[in-house]
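# below are the sequence and a predicted model for it; my questions follow.
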Amino acid sequence: MTPHKNTRRAAALVAAAAMLIVSTEAGSAIAAPDNGPRPAPSPTAQGRAAAIKAAQEQSAAAATQLGLGAQEKLLVRDVIKDADGTVHTRYERTYAGLPVLGGDLVTHTAGNGTLKGVDKANDARIQVPTTVAARKAVAGARKVIWAGEGKPVLAFETVKSGVQKDGTPSRLHVITDAATGKKLHQFEAVETGSGTSQYSGEVTVSTTKNGDSFELADGERGGHKTYDLKHGESGTGTLLTDEDDKWGDGTGANEQTAAVDAHYGAAMTWDFYKTELERNGIAGDGKAAYSRVHYGDSYVNAFWDDSCFCMTYGDGEGNKKALTAIDVAGHEMSHGLTSNTANLEYSGESGGLNEATSDIFGTSVEFFANNKEDVGDYLIGEKVDIRGDGTPLRYMDKPSKDGSSLDAWKEGAGDTDVHYSSGIANHFFFLLAEGSGKKTINGVEYDSPTSDGSTVTGIGREKAYKIWYKALTTYMTSTTDYKAAREATVKAAGDLYGADGTEAKTVAAAWGAVNVK
């Protein structure tokens, strides 16, 4: 969640990143109004698995239809069917049995079976002269085809475990040329995106009774559980329990309070995705992630980790202000969404889009929760006061107000830290949802500029996040940059609301207003 420097350009790999609450025995989902067209209802976990299996059985035919080489095979990651019958199938690729990093693609097939289009992470033909490495691999390395950028090459991937400078766990992936030993790329796989809570007042969360006590286990939302690491930095932790089902006291001094925030935030995120976007869990399979609180000592961050499929939260400076606000929980869980869909590589422009996706959905979850103690706004991390001066971490209406983020695209934007290049897409989303100029929303004043002096009239937050979700899940790939994101969101708006509709036109106008043309 906190800004940190990275120069990562990986493809089709694990993304994880950083960016929080109390109980009765059963909580209820929050309903939201109908705001226009929705995607086709999500299949059950069983139905989704069947769709993936059926697509995998046809993967050889799909590879032939796409003109892939004889040594290439497709592995199905996801299948999404639109209301009009269009099917979007997301694949990873192998070459001669080796994983192709940066080989992911999405096919778009009409209901009658006609191929409508393909989005590829890399348009280059996947082919190498030999799969026999000239150099000996180091212990623990795996042989891969590196197609993250340019011409594919035979390579080795190694993973080094450790700790980042701010105390966040580290799993550094390093890609080296199998012929020369030259480092081609490296990236970090762990990124920093009835009771009384610290930030949301008295809230309802779902718990499970076990004997004479209650557990922070949500049987209504895929079995989400919240664990206490007790300031440790490894393992799952201890499942929180309570005898009277009354959790926390609203202060950081009470060990249950952070757990209340985390449990509540996870529930709101689950409900948002299911109610608003018809998605059954972060991975779309009906299974919950889990939360870990009280990580480390005075750890001022939070992070998502794909390897455990979990969110982890530090307690902040002096262990007094846990990073467990609603938008932070939404941000973290949305990193899991991204890794299970487009898998945007966490570097360059795609890394900025990855961070922005978590900000966009974290903000959307906060509005959806409709909590009077933590009202919806376009400020990121405003409750946790990570800077210690009362200011939020990021601003979506004018990202540069944080002193580092980009308001608009410029040459070299991909060389900017992903937490700052995310400002381009955050600004786009604000303009798309709310429009340019001055306005007050839920008591917060905004004044959003445009880089070209244009005036943008927003289409509403609900349509905006549905368009972003559609683009993320059906058109974006691991290497999508800002220009490709514009194309993906224009297509998504056309799918949902009509190619000639106000929504698609406003998407184009909002991108133009942040200099993505």
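Received, thanks.
# neighbours around residue 416, how many?
Residue 416 is flanked by 20 other residues according to other Cβ atoms under 10 Å. (C-beta placed from N, C-alpha, C; glycine too.)
# wait, it touches residue 410, no?
No. Contact between residue 416 and residue 410 fails when scored by Cβ atoms under 8 Å: they sit 9.1 Å apart.
# you'd agree residue 176 is in a helix?
No. With the criterion set as DSSP: H, G, I helix; E, B strand; the rest coil, the secondary structure at residue 176 is strand rather than a helix.
# residues in contact with it?
Contact partners of residue 176, counting by Cβ atoms under 8 Å, 6 or more residues apart in numbering, are 155, 156, 158, 182, 183, 184.
# what's the PyMOL syntax to select whichever of those are buried?
What follows is the PyMOL syntax selecting those of the contacts of residue 176 that are buried according to 16 or more other Cβ atoms under 10 Å:
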select buried, resi 155+156+158+184
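# just the contacts of residue 176: which are in strands?
Helix and strand membership here follows DSSP state E; of the contacts of residue 176, those in strands are 155, 156, 158, 183, 184.
# ok, which pair from the residues you listed is furthest apart?
Pairwise distances across those peak at 11.9 Å for 158 and 184 (criterion: Cβ to Cβ).
# where exactly do the helices run in the stretch 51-200 of the chain?
For the stretch 51-200 of the chain, applying DSSP state H, counting those that start in this stretch gives helices covering 59-65.
# would you map the strands across it?
For the stretch 51-200 of the chain, the strands identified by DSSP state E, counting those that start in this stretch occupy 72-81, 87-95, 98-101, 105-109, 115-120, 142-146, 153-163, 169-177, 183-188, 195-196, in order along the chain.
# which of these sits closest to residue 489?
Distances from residue 489 to each of those were compared using Cβ to Cβ; the shortest belongs to strand 115-120, at 12.8 Å.
# alpha carbons of that closest one, in CSV - could you do that?
Listed in CSV are the C-alpha atoms of strand 115-120, where the atom choice follows Å, rounded to 0.1, in the frame of the first residue of the first chain:
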residue,chain,number,x,y,z
LEU,A,115,-14.0,-16.0,-33.4
LYS,A,116,-14.6,-12.2,-32.9
GLY,A,117,-11.1,-11.2,-31.7
VAL,A,118,-8.1,-12.0,-29.6
ASP,A,119,-6.1,-10.0,-27.1
LYS,A,120,-2.5,-11.2,-26.6
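# now the chain, which segments are flagged as low pLDDT?
Counting by pLDDT under 70, the chain contains low-confidence residues at 1-45, 165-167, 190-197.
# how does it look with 50?
Under the criterion pLDDT under 50, the flagged ranges of the chain are 2-41, 192-195.
# any idea where the helices of it begin and end?
For the chain, the helices defined by DSSP state H occupy 45-57, 59-65, 255-277, 326-339, 348-369, 418-434, 461-474, 482-497, 502-513.
# off-centre distance for the fourth one?
The chain centroid and the centroid of helix 326-339 are separated by 5 Å, computed with Cα atoms, centre = their mean, to the nearest Å.
# that one versus helix 255-277: what angle between them?
60 degrees (axes from the mean of the first three to the mean of the last three Cα atoms, to 10 degrees).
# helix 326-339 vs helix 348-369, what angle?
Direction vectors for helix 326-339 and helix 348-369, defined by the same axes, to 10 degrees, enclose an angle of 130 degrees.
# give me the buried positions along helix 326-339.
So helix 326-339, judged by 16+ other Cβ under 10 Å, has buried residues 326-339.
# what does the third one give?
Burial within helix 255-277, assessed by neighbour count using 16+ other Cβ under 10 Å, is assigned to 255-274, 276-277.
# summarise which helices and strands that helix is packed against.
With contacts defined as 3 or more Cβ pairs under 8 Å, 6 or more residues apart in numbering; DSSP states H and E, the secondary structure elements packing on helix 255-277 are strand 195-196, strand 217-218, strand 224-228, strand 290-295, strand 310-314, helix 326-339, helix 348-369, helix 461-474.
# the first one now?
Packing contacts for helix 45-57, counted by 3+ Cβ pairs under 8 Å, 6+ apart, involve strand 72-81.
# the strand it packs on pairs with which strands?
Using DSSP bridges, the strands paired with strand 72-81 are strand 87-95 (antiparallel).
# so what touches the strand it pairs with?
Strand 87-95 is contacted from outside by 12, 55, 59, 62, 68-69, 71-82, 99-100, 103-109, 111, 126-128, 131, 145, 152, 341, 473-474, using Cβ under 8 Å, 6+ apart.
# repeat that with 7 Å
The set of residues that contact strand 87-95 without belonging to it, under Cβ atoms under 7 Å, 6 or more residues apart in numbering, is 12, 55, 71-81, 100, 103-109, 126, 145, 474.
# now a PyMOL select for only the buried ones of those residues.
Applying 16+ other Cβ under 10 Å to the contacts of strand 87-95 leaves a buried subset, and the PyMOL line that selects it is:
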select buried, resi 12+55+72+73+74+75+76+77+78+79+80+81+100+103+104+105+106+107+108+109+126+145+474
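# next, find the distance separating residue 375 from residue 329.
For residue 375, the distance to residue 329 (Cβ to Cβ, to the nearest Å) stands at 16 Å.
# and for residue 403?
Using Cβ to Cβ, which is the criterion applied here, residue 403 is 26 Å from residue 329.
# cool, and residue 404?
Per Cβ to Cβ, residue 404 is found 24 Å from residue 329.
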